[in-house]
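Visitor: 3D model of this:
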Amino acid sequence: MFYGPYTHNSFLSQFPELVMSRRGNLEQICQEAGLIKEMVTEPNTLIPFERFIRLLEVTETELEMPLVALELAQRQDASVLGPLSTLLTRSQNLAEAMNNVLEYFSLIISGVKFDIKIQQEVAELCFQVDMPELAMRPQFQNYLLASSAMILRHTVSRQYNLRGVFFTRDKNKEDINQFSRFFRCPVTFNADCLKITADKALLNYPVDAIRKDLIQQITAQIHSPKQLIQQIEKIIAMNLASGAIDLKTIARAIGYSPRTLHRQLEKQGTSFRALLETTRYSQANQYLANGHYSLNDISALLGYNNQSAFTRSYKRWNGETPQAVRARSQPKR
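Guide: Now for the predicted structure:
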């Protein structure tokens, strides 16, 4: 049984391509990081967050890529955030949208808290890390700040400049100019707080334009019924914890009407409810194998209002209660 928070492997969607571009051995790198390759390549898989960072550290060594986290973030675009476009439907501007998205990430990655602070004309996106084993590791800080900066850049404007990026770790042998070129702003090490700063005006950016762009990116990736189902499963998986998982909301996230989506799924011999149940069951089993999450945590992460509702569903799927499955997976003393 593993102990520690999970993250979704969609944040590694460009990792195999990155390794291939350097003629690396993906299977070997995954193995050295304590993962099997399928945990990186198969859709809708949860990865222990510590192993995620370990994967970057192994890649740094094996492929001589000290800035691997920045290179991975550089390859990612707003499609990483695309499945969370449902969180934007109840937001008027970027400030409200960021609060909804950050609340979501705080839930799924327990141990990392996000906060937005306003200091006169400056907005600060602050990260509080309650994971001593990860907090000061360079690739952890590199990826956390680089991926956050890229999401902001792609959702608002590629030309939008940040004011500053602050690392709490020491600067090793890295070339600070490479960091400044990537973030397009001054970079500070040994800071008191892990954070990104930008003009306060950024928070007033209208969120409707962002949501429309994200929907367009999702629909552009759908070229077949199979890809439609894969996108819906991904959106469901990324939205379970938010509770925004009804047919109307998911249909809106891909630019469909509920009736059209229902019809399309019916043609493929499935339904929204069936995809929801399958996704919940798959993620439930992954969470149950991780001692970090209590049954109450798992219930919330799967979008249930209480543990009893989760228990009833799981028993219907598996014939056993989640308590029984969890007990069997506990290490014997």
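Visitor: okay, CA-based contacts and neighbour counts for the rest of this
Guide: Fine.
Visitor: show me where the stretch 101-250 of the chain has helices.
Guide: Assigned by DSSP state H, counting those that start in this stretch, the stretch 101-250 of the chain shows helices spanning 138-155, 176-183, 207-220, 225-239, 247-253.
Visitor: now the element after the strand or helix carrying Phe52, going C-ward?
Guide: Secondary structure from DSSP states H and E places Phe52 in helix 49-62. Toward the C-terminus, helix 49-62 is succeeded by helix 68-75 as the next helix or strand (DSSP H and E).
Visitor: and Gln178, how far is that from Asn142?
Guide: From Gln178 over to Asn142 the distance is 12 Å, taken as CA to CA, to the nearest Å.
Visitor: same question for Pro258.
Guide: Using CA to CA, we find Pro258 at a distance of 40 Å from Asn142.
Visitor: now the helix holding Phe52: buried residues?
Guide: In terms of neighbour count (16 or more other CA atoms under 10 Å), helix 49-62 has its buried residues at 49-60.
Visitor: with stretch 104-116 instead?
Guide: Quick answer for stretch 104-116 (16+ other CA under 10 Å): 104-105, 107-114, 116.
Visitor: would you list those residues in TSV and tack on distance to Glu17 and pLDDT?
Guide: Shown next, in TSV, are the buried residues of stretch 104-116 (distance: CA to CA, whole Å; pLDDT from 0 to 100):
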residue	distance to Glu17	pLDDT
Tyr104	28	71
Phe105	25	71
Leu107	29	70
Ile108	26	67
Ile109	25	72
Ser110	29	69
Gly111	29	77
Val112	28	83
Lys113	30	85
Phe114	30	85
Ile116	33	88
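Visitor: Pro66: which of the residues you listed is nearest?
Guide: Each of the buried residues of stretch 104-116 was scored against Pro66 by CA to CA, and Val112 proved nearest at 23.4 Å.
Visitor: without its sequence neighbours, what residue ends up closest to that closest one?
Guide: Val129 (4.6 Å; CA to CA, 6 or more residues apart in numbering).
Visitor: which residues touch the one you found?
Guide: 111-113, 135 (CA atoms under 8 Å, 6 or more residues apart in numbering).
Visitor: repeat the analysis, applying 10 Å as the threshold.
Guide: Going by CA atoms under 10 Å, 6 or more residues apart in numbering, Val129 touches 110-114, 135-136, 141, 194.
Visitor: show the pLDDT at it.
Guide: Predicted confidence (pLDDT) for Val129: 90.
Visitor: Gln178 and Asn142: who's more crowded?
Guide: In this view Gln178 and Asn142 are compared by other CA atoms under 10 Å, and Asn142 has more residues nearby, 18 against 13.
Visitor: leaving out chain neighbours, which residue sits closest to that one?
Guide: Ranked by CA to CA, 6+ apart and with sequence neighbours excluded, the top spatial neighbour of Asn142 is Ala69, at 5.8 Å.
Visitor: that neighbour touches Ser148, doesn't it?
Guide: No: assessed by CA atoms under 10 Å, Ala69 is found out of contact with Ser148, at 11.7 Å.
Visitor: with neighbour numbers in mind, choose between the two.
Guide: Between Ala69 and Ser148, counted using other CA under 10 Å, the more crowded position is Ala69 (25 against 14).
Visitor: so which of the contacts of Val129 comes closest to Ile235?
Guide: Ser110 (20.5 Å).
Visitor: for Met39, give me its contacts.
Guide: Taking CA under 10 Å, 6+ apart, we find Met39 in contact with 8-9, 12, 30, 45-48.
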